[in-house]
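>>> here's my sequence, what's the structure:
(chains A and B)
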Amino acid sequence: NAGVTQTPKFQVLKTGQSMTLQCAQDMNHEYMSWYRQDPGMGLRLIHYSVGAGITDQGEVPNGYNVSRSTTEDFPLRLLSAAPSQTSVYFCASSYSIQYEQYFGPGTRLTVT
Amino acid sequence: AQSVTQLDSQVPVFEEAPVELRCNYSSSVSVYLFWYVQYPNQGLQLLLKYLSGSTLVKGINGFEAEFNKSQTSFHLRKPSVHISDTAEYFCAVIGYKIQGAQKLVFGQGTRLTINP
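Numbering: from 1, shown residues only, chains lettered A, B, ... in the order given. Presented below is the predicted three-dimensional model:
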């Protein structure tokens, strides 16, 4: 199993550009989520999904969209990048929220 | 809503010394509690978790944590640390509601540095 994969590993965007961070898992997990990690702030939940076709907002959803058309994939879209979105983004998946979350390796995004 | 406070942002310790990383939570409902570890330039991995039952939970790499409901704490301990334990440690909580728990809330993290 590849586990949780994320692409790209690094990305530089200009303010106003849009892009999609990809996340895929091959463990047949129902629960998937996106976090951003900023120094001194831990991980903050952006969006999550409890199954295909079902998504909901986390703590910091503004400026981000998600969709879940399949169990395996959970892409995160930045609609119009801003410098405040410079961060490391992690995707995670699990059978259910109370079970171990499996994290991807992260995407380091810089917005100039 | 739930919240987590990790009381120390950085903890320096000498090799083979004991360590305690402190975590306090706030919740109006019952909780599940977790500790995750992040090694440099990697994602997070689970150290241990408390769902129910015995309040002393043992995890990987010799770590353990104790759930204290009256003090709303879930401190992480190791009796003798190794250089390889150098990492950032995150405490996390889920508030469990009748409808089911959905959101995992993380603390700010504690950077553990082991000095030889």
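>>> closest point of chain A to chain B, which residue?
Using CB to the nearest CB, A:Phe103 is the residue of chain A that sits closest to chain B, at 3.4 Å. From N, CA and C alone the C-beta is placed, and that goes for glycine too.
>>> burial of the closest residue to that residue other than its chain neighbours, as a residue count?
Nearest non-adjacent residue to A:Phe103, counting by CB to CB, 6 or more residues apart in numbering or on different chains: B:Gly43, 3.4 Å away. Per other CB atoms under 10 Å in any protein chain shown, the neighbour tally for B:Gly43 reads 22.
>>> my guess is B:Gly43 contacts A:Thr107, does it?
No. Applying CB atoms under 8 Å, one finds B:Gly43 not in contact with A:Thr107, separated by 10.7 Å.
>>> which residues are in contact with both of those two?
Residues touching both B:Gly43 and A:Thr107 (CB atoms under 8 Å, 6 or more residues apart in numbering or on different chains): A:Phe90.
>>> got a list of what the residue in chain B that chain A sits nearest to touches?
Residue of chain B nearest chain A, by CB to the nearest CB: B:Gly43 (3.4 Å). By CB under 8 Å, 6+ apart, the residues touching B:Gly43 are A:Val4, A:Phe90, A:Ala92, A:Phe103, A:Gly104, A:Pro105, A:Gly106.
>>> of all these, which two lie farthest apart?
Greatest spacing in the contacts of B:Gly43, by CB to CB: A:Ala92 and A:Pro105 (11.4 Å).
>>> okay, the two: which has more neighbours?
Taking other CB under 10 Å, A:Ala92 and A:Pro105 do not tie; A:Ala92 has more neighbours (26 against 15).
>>> I'd assumed the more buried one was in a strand, is it?
Yes. Assigned with DSSP: H, G, I helix; E, B strand; the rest coil, A:Ala92 falls within a strand.
>>> for the chain, give me the ranges with low pLDDT.
Went with chain A since none was named. In the predicted model of chain A, no residue satisfies pLDDT under 70.
>>> should've been chain B
For chain B (pLDDT under 70), the answer is B:97-102.
>>> I figured B:Cys23 was touching B:Leu76, is that so?
Yes. Judged on CB under 8 Å, B:Cys23 makes contact with B:Leu76 at a distance of 6.8 Å.
>>> where do the contact lists of those two overlap?
When contacts are counted by CB under 8 Å, 6+ apart, the set common to B:Cys23 and B:Leu76 consists of B:Trp35, B:Cys91.
>>> just the CA atoms of stretch A:58-78, as PDB, please.
Only the C-alpha atoms of stretch A:58-78 are listed here, as PDB (Å, rounded to 0.1, in the frame of the first residue of the first chain):
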ATOM      1  CA  GLY A  58     -13.200  22.800   9.700                       C
ATOM      2  CA  GLU A  59     -11.700  25.700  11.700                       C
ATOM      3  CA  VAL A  60     -10.200  27.600   8.800                       C
ATOM      4  CA  PRO A  61     -12.200  26.900   5.500                       C
ATOM      5  CA  ASN A  62     -12.100  30.400   3.900                       C
ATOM      6  CA  GLY A  63     -10.300  30.500   0.600                       C
ATOM      7  CA  TYR A  64     -10.400  26.700   0.100                       C
ATOM      8  CA  ASN A  65     -12.800  24.300  -1.600                       C
ATOM      9  CA  VAL A  66     -13.000  20.600  -1.500                       C
ATOM     10  CA  SER A  67     -14.900  17.800  -3.200                       C
ATOM     11  CA  ARG A  68     -15.100  14.000  -2.600                       C
ATOM     12  CA  SER A  69     -16.300  12.200  -5.700                       C
ATOM     13  CA  THR A  70     -14.500   9.000  -4.900                       C
ATOM     14  CA  THR A  71     -13.400   7.200  -1.700                       C
ATOM     15  CA  GLU A  72      -9.800   7.500  -2.700                       C
ATOM     16  CA  ASP A  73      -9.300  11.100  -3.600                       C
ATOM     17  CA  PHE A  74      -9.800  14.400  -1.700                       C
ATOM     18  CA  PRO A  75      -8.400  17.400  -3.600                       C
ATOM     19  CA  LEU A  76      -8.000  20.800  -2.000                       C
ATOM     20  CA  ARG A  77      -8.500  23.800  -4.200                       C
ATOM     21  CA  LEU A  78      -7.100  27.300  -3.500                       C
END
